[in-house]
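1. can you look at this prediction? I've put the sequence above it.
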Amino acid sequence: MSEEEIAAQVEAALEENGEAAEAAPADTEALVLATDSFPNMNKMDGSDSSIWKCDGAPNWRRLAGFPIYATGQPRLADLDKCVEQAVNKYDEQKAVLWVNVRQEPVLYVNGQSYSVREKDNVQKHMVSTEAFAINNIENDMAGKLKKGDGSFKFFKDMVGEQEKEKFVDVEEESGKVESIATLGEIFSNATKKEAKLQSSRIPIHLNDAPSDESFDMIVRLLKGHSSAVPVIFNCQGGIVRSSTASVIAAIIKEAQLEAEFDKMKGVIPDNIIEGLRETKLHPPLPDTNGSNNALMKGEFPVVLDLLGTSEVGKACKEQVDRIINAAAGAENIRESAVMEKMQYDVASDEWRHVLKERIMGNIKRYFMLIVFAMYAREAGKAGFKQPFKAWLDGTSYREMIEAGKSRLEWERKIPDEQIQDLKDLLMAENFDAQLPQVINKINQLSYKMFNDLPRGDQKCKSMRKLAGRTLLEVLPPKLTVYLESKLGNLANVPDFYDMVGTLSMYGKVPVVET
């Protein structure tokens with residue numbers, strides 16, 4: 001299926017829902033280019049010699065046991081090498097599929113990929129769910145550069161796929177234009193070199209579940225091929241979106257494989273079929289590395305609600321967890337919500353709003369992957385004749401996730417009885433004599449509140465932030481006033497040890513009267 005066919009299907013789906021509008025020419029004067037590469041983009045350490053490594057294809061990997069690859073946007077010079085990897089490994093297959101899952105426009109200038117961004121918001125991706133609209137922007141931007149004076153301006157992406165709390169200063173740079181190509185032109189040339197290659201574009205959300213239409217686009221693409229046909233997914237860094245698409249594809253391919261096993265009955269002995277089924281579809285459950293954190297294992301309250309409403313829910317969650325672990329070379333998308341939650345614990349009040357939306361979006365993505373696995377288990381037997389969207393319309397799962405994605409313990413808090421004990425210690429006249437005991441007790445309580453999280457810098461920061469909030473909660477008014485006079489506004493909680501050091505000087509430094 002070509003990129004044009006995919007775009008046409010997306011547009012048709014949007015028109016069906018009354019969402020399509022005629023695309024106006026892009027205001028290219030308000031757009032700029034930003035490099036696709038960014039600091040610390042490559043998450044693969046290269047220690048696994050069995051994984052083919054290509055510096056021009058960041059985070060390239062194959063899901064173990066599947067003809068599925070994920071990667072960041074490759075350099076033009078390395079695109080053919082990536083295709084060759086899949087063609088050579090699956091040389092008996094008649095097709096190799098490449099799917100770009102980015103929501104933002106992309107251009108190749110001098111063989112390097114750049115994303116198109118808004119001039120006033122250069123540190124954030126443009127977002128579009130319509131493939132044809134993205135293509136139009138790429139064409140308009142390429143046309144502008146081709147008609148220019150032979151130079152181009154760009155910014156280096158210093159942020160990456162996820163917006164950061166602190167604004168990073170970036171400077172505009174310039175270069176000489178030697179070649180310009182849109183994604184459509186790049187893959188059109190690639191298909192001429194490799195006849196098996198078929199390319200398409202299916203936009204997927206970065207910090208949310210894929211849309212119903214995106215799920216269905218991947219189903220329509222893959223159901224026309226056998227389960228053994230290789231597919232390559234790419235996003236900017238090969239981290240979140242390509243991992244998500246890979247999980248969806250693996251669920252579809254396992255459903256196809258199940259249907260193929262059913263067709264073998266009566267032709268191949270049952271014991272052989274069952275042996276193959278056990279090997280391919282029921283490998284050992286994913287190792288949670290001894291984690292006792294329920295959320296790291298995907299046991300979000302809304303997910304537990306889902307499992308309670310479906311007989312196949314538990315098996316589908318295990319399937320999704322197993323596949324996510326196989327796709328987790330760059331990032332484990334089940335654990336993303338937990339890692340964001342650890343940042344939330346130490347973030348400023350303003351940034352917490354952004355992180356909360358991200359966390360809920362990550363939970364929704366995980367939830368909908370399980371729901372999709374439930375759908376595939378049912379629809380895959382009939383060759384995916386019923387679209388996911390239509391199947392979903394007959395359930396209450398959309399309402400369940402919207403109502404339940406915010407059900408988290410957003411604040412970890414020291415138990416009230418322990419808070420009162422700390423207050424009693426600090427109410428004494430010689431509170432400074434009690435301060436070491438208070439500090440020690442707050443540290444112990446903070447550690448206990450986060451003992452379910454893995455070791456690391458983020459855990460230490462979370463504990464320290466909780467300790468700071470707890471100290472402010474238990475201080476008597478006179479000490480709070482004193483701290484504010486020395487450290488300023490306490491709304492954004494100061495560092496715990498800065499506050500402790502300041503309190504240790506209370507009443508010991510004489511006040512100089514003027």
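-> Nice, thanks for sending it over. Residues are numbered from 1 along each chain as shown.
2. which element is I324 on?
-> Element membership of I324 [criterion: DSSP states H and E] is helix 313-326.
3. the helix or strand following that helix to helix 313-326, inter-axis angle?
-> Sequence-wise, the next helix or strand downstream of helix 313-326 (DSSP H and E) is helix 336-346. Put simply, helix 336-346 runs at 80 degrees to helix 313-326, going by axes from the mean of the first three to the mean of the last three C-alpha atoms, to 10 degrees.
4. now the element after helix 336-346, going C-ward?
-> Sequence-wise, the next helix or strand downstream of helix 336-346 (DSSP H and E) is helix 349-379.
5. centre of the chain to that following helix, how far?
-> The chain centre lies 10 Å from the centre of helix 349-379; the measure is C-alpha atoms, centre = their mean, to the nearest Å.
6. kindly report the same for stretch 117-125.
-> Mean C-alpha position of stretch 117-125 versus that of the full chain (C-alpha atoms, centre = their mean) differs by 20 Å.
7. give the rounded mean pLDDT of that stretch.
-> Regarding stretch 117-125, the rounded mean pLDDT is 90.
8. stretch 160-180 now?
-> Average pLDDT, stretch 160-180: 88.
9. now do the buried residues in it.
-> In terms of neighbour count (16 or more other C-beta atoms under 10 Å), stretch 160-180 has its buried residues at 160-163, 180. All C-beta atoms are positioned from the backbone trio N, CA, C, and that covers glycine.
10. partners of the longest strand anywhere in the chain in the sheet?
-> The residue-count maximum for a strand in the chain (DSSP state E) belongs to strand 112-118. In the sheet, strand 112-118 lines up against strand 31-35 (antiparallel), strand 106-109 (antiparallel) (DSSP bridges).
11. chain center to it: distance?
-> Centre-to-centre, strand 112-118 and its host chain are 20 Å apart (C-alpha atoms, centre = their mean).
12. and for that strand, what's in contact with it?
-> Residues from elsewhere that reach strand 112-118 (C-beta atoms under 8 Å, 6 or more residues apart in numbering): 30-37, 73-76, 102, 104-108, 124-126, 137-138, 141, 154-155, 157, 236.
13. please flag which of those residues sit within strands.
-> Those of the contacts of strand 112-118 lying in strands (DSSP E): 31-35, 106-108, 154-155.
14. can I get those in a markdown table with neighbour count?
-> Formatted as a markdown table, the ones in strands among the contacts of strand 112-118 follow (neighbours: other C-beta atoms under 10 Å):
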| residue | neighbour count |
| --- | --- |
| L31 | 18 |
| V32 | 21 |
| L33 | 26 |
| A34 | 22 |
| T35 | 16 |
| V106 | 23 |
| L107 | 25 |
| Y108 | 22 |
| F154 | 20 |
| F155 | 18 |
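15. with distance to M264 and pLDDT as extra columns, can I get those in JSON lines?
-> Output for the ones in strands among the contacts of strand 112-118, formatted as JSON lines (distance: C-beta to C-beta, whole Å; pLDDT from 0 to 100):
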{"residue": "L31", "distance to M264": "54", "pLDDT": "94"}
{"residue": "V32", "distance to M264": "55", "pLDDT": "95"}
{"residue": "L33", "distance to M264": "52", "pLDDT": "97"}
{"residue": "A34", "distance to M264": "51", "pLDDT": "96"}
{"residue": "T35", "distance to M264": "50", "pLDDT": "97"}
{"residue": "V106", "distance to M264": "43", "pLDDT": "97"}
{"residue": "L107", "distance to M264": "47", "pLDDT": "97"}
{"residue": "Y108", "distance to M264": "45", "pLDDT": "98"}
{"residue": "F154", "distance to M264": "54", "pLDDT": "96"}
{"residue": "F155", "distance to M264": "55", "pLDDT": "95"}
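16. mind putting the strands paired with strand 112-118 into TSV with distance to R201?
-> Below are those laid out as TSV (distance: least, C-beta to C-beta, whole Å):
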stretch	distance to R201
strand 31-35	19
strand 106-109	10
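17. for I414, find the nearest of those.
-> Closest of the strands paired with strand 112-118 to I414 is strand 31-35, at 43.6 Å (criterion: C-beta to C-beta).
18. same for whatever helix or strand comes next after that closest one, what does it pack against?
-> Next in sequence after strand 31-35, counting helices and strands by DSSP H and E, comes strand 61-62. Where contact means 3 or more C-beta pairs under 8 Å, 6 or more residues apart in numbering; DSSP states H and E, strand 61-62 is packed against strand 68-72.
19. quick one on the thing from earlier: now the buried residues of stretch 160-180 as CSV including distance to I333 and secondary structure?
-> Putting the buried residues of stretch 160-180 into CSV (distance: C-beta to C-beta, whole Å; DSSP: H, G, I helix; E, B strand; the rest coil) gives the following:
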residue, distance to I333, secondary structure
G160, 16, coil
E161, 12, coil
Q162, 13, coil
E163, 18, coil
I180, 34, strand
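20. for these, which one is nearest A86?
-> E161 (23.9 Å).
21. OK, contacts around that closest one?
-> By C-beta under 8 Å, 6+ apart, the contact set of E161 is 38, 125, 206, 235-237, 239-240.
22. from V474, how far off is it?
-> According to C-beta to C-beta, to the nearest Å, E161 stands 40 Å off from V474.
23. cool, and E254?
-> Distance of E254 to V474, given as C-beta to C-beta: 54 Å.
24. contacts only, for the residue nearest the centre of the chain.
-> The centroid of the chain falls nearest to V240 when counting by C-alpha atoms, centre = their mean (3.6 Å). Residues counted as contacts of V240 (C-beta under 8 Å, 6+ apart) are 161, 206-207, 331, 333, 336.
25. name the element Q420 belongs to?
-> Using DSSP H and E, Q420 sits in helix 416-426.
26. show me what the mean pLDDT comes to for the next helix or strand after that helix.
-> Per DSSP H and E, the first helix or strand lying C-terminal to helix 416-426 is helix 431-449. Mean per-residue pLDDT for helix 431-449: 86.
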